[in-house]
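Enquirer: Okay, sequence plus prediction incoming.
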Amino acid sequence: MFTKDLARSRHTPAGYAALIERYGVDVVPNWHISLVAEGGSRRLTSHDGVVEETYPSSYWPGETACDHLEFALKYDGTNLALLYILFRTIEEKDILEHIRSRPTGKYARRLWFFYEFLTGRGLPLEDLKQGNYIDLLEPEKYYTRLPSERVRRQRVNNNLPGGVHFCPLVRRTEALVGYEKANLAERCRRTVAAYPSELLLRAAEKEDFCRKSGLIELQNRITDPRFHASDYRSEQNYVGETVVWQGERIHFVGPKPEDLPDLMNGLTAKKTVREIVDMPDRQIDLFIRFCLQNNGRLSGRKRADHFDFLSDHEVAALEEAVQTSFGRNA
């Protein structure tokens, strides 16, 4: 319970921080940590990429887990990994009751979508019949997929950059926005143009690293023959640096070993689809996702809405590419 006495004695976690503390889940903390304190003004501090923001007591979201989930989506950002863990911990009836109390609320609709998206379980709720469509991710805060997919059930524009098995969210940080403004693509084009085309062609001799055998061979080139691999890795790896004795700063955590086959199947499918029809990346990703949702086939409605420019022959060839890559039979 949040009280004035408690607030005076210490800052009280809110949002993701409150839920992590309440349920004792073992997770990587969110990049943004929210605290609520009595009196004062909104304050923000930042250290090593972690932002800690303190809000006055008027921001206190309430006592329920869903109150803090909505606060998290509003102030802490969208953290799919954290939401996945929390949805396995919080009672489904509590989430259902919360959404029923405010079915057209912006953050309640996002919460509803994320729950069904991440758990694979549909809540016993009627599809919304009215209300404007809202973006699932705020385009001003995240790099999002275009075009987005309209989801009638919650009346949201699903602009997530991936599916449930692989959906890396990238925030529009000051550093990344700065890189956008620097027009690096044009600078790269000028740099490449300064070299003879023959030299570039020789440097770009193709090796198909989407093939499993080619990828494993590449890895074996830099390892002792005694430790050569014959399959994808079976251990979790990461990229980091030692900063103190037995202390590391982690820069990147690789995919889990059990996820590698699906991820590589996706890369293979994408490469093969591009060889058939050289579509933009976002359309290739959309085509593959629609096929995987429909047992390897592109539905008539999805084709009419998004791929009416493809011929019957092209659609058949693209469907076969997806089915072959993912080992699915029509």
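Expert: Sure thing, it's come through.
Enquirer: how about residue 46, secondary structure?
Expert: strand (DSSP: H, G, I helix; E, B strand; the rest coil).
Enquirer: Let me know whether it touches residue 33 as I believe.
Expert: No - when contacts are counted by Cβ atoms under 8 Å, residue 46 is not listed as touching residue 33 (10.5 Å). All C-beta spots, glycine's among them, are computed from the backbone N, C-alpha and C.
Enquirer: between these two, who's got more neighbours?
Expert: Taking other Cβ atoms under 10 Å, residue 46 and residue 33 do not tie; residue 33 has more neighbours (20 against 11).
Enquirer: lowest-confidence helix or strand of this structure?
Expert: helix 4-9 (a mean of 41; mean pLDDT, DSSP states H and E).
Enquirer: pull the CA atoms of the longest helix seen in the chain into PDB?
Expert: In the chain, taking DSSP state H as the definition, the longest helix is helix 260-276. Only the C-alpha atoms of helix 260-276 are listed here, as PDB (Å, rounded to 0.1, in the frame of the first residue of the first chain):
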ATOM      1  CA  LEU A 260      18.700 -20.700 -34.000                       C
ATOM      2  CA  PRO A 261      17.000 -23.200 -36.400                       C
ATOM      3  CA  ASP A 262      13.900 -21.000 -36.700                       C
ATOM      4  CA  LEU A 263      15.900 -17.800 -37.100                       C
ATOM      5  CA  MET A 264      18.100 -19.400 -39.800                       C
ATOM      6  CA  ASN A 265      15.000 -20.700 -41.500                       C
ATOM      7  CA  GLY A 266      13.700 -17.100 -41.600                       C
ATOM      8  CA  LEU A 267      17.000 -15.800 -43.100                       C
ATOM      9  CA  THR A 268      17.000 -18.600 -45.700                       C
ATOM     10  CA  ALA A 269      13.300 -17.800 -46.600                       C
ATOM     11  CA  LYS A 270      14.100 -14.100 -46.900                       C
ATOM     12  CA  LYS A 271      17.100 -14.700 -49.200                       C
ATOM     13  CA  THR A 272      15.100 -17.100 -51.400                       C
ATOM     14  CA  VAL A 273      12.100 -14.800 -51.600                       C
ATOM     15  CA  ARG A 274      14.300 -11.900 -52.700                       C
ATOM     16  CA  GLU A 275      15.900 -14.000 -55.400                       C
ATOM     17  CA  ILE A 276      12.400 -14.600 -56.900                       C
END
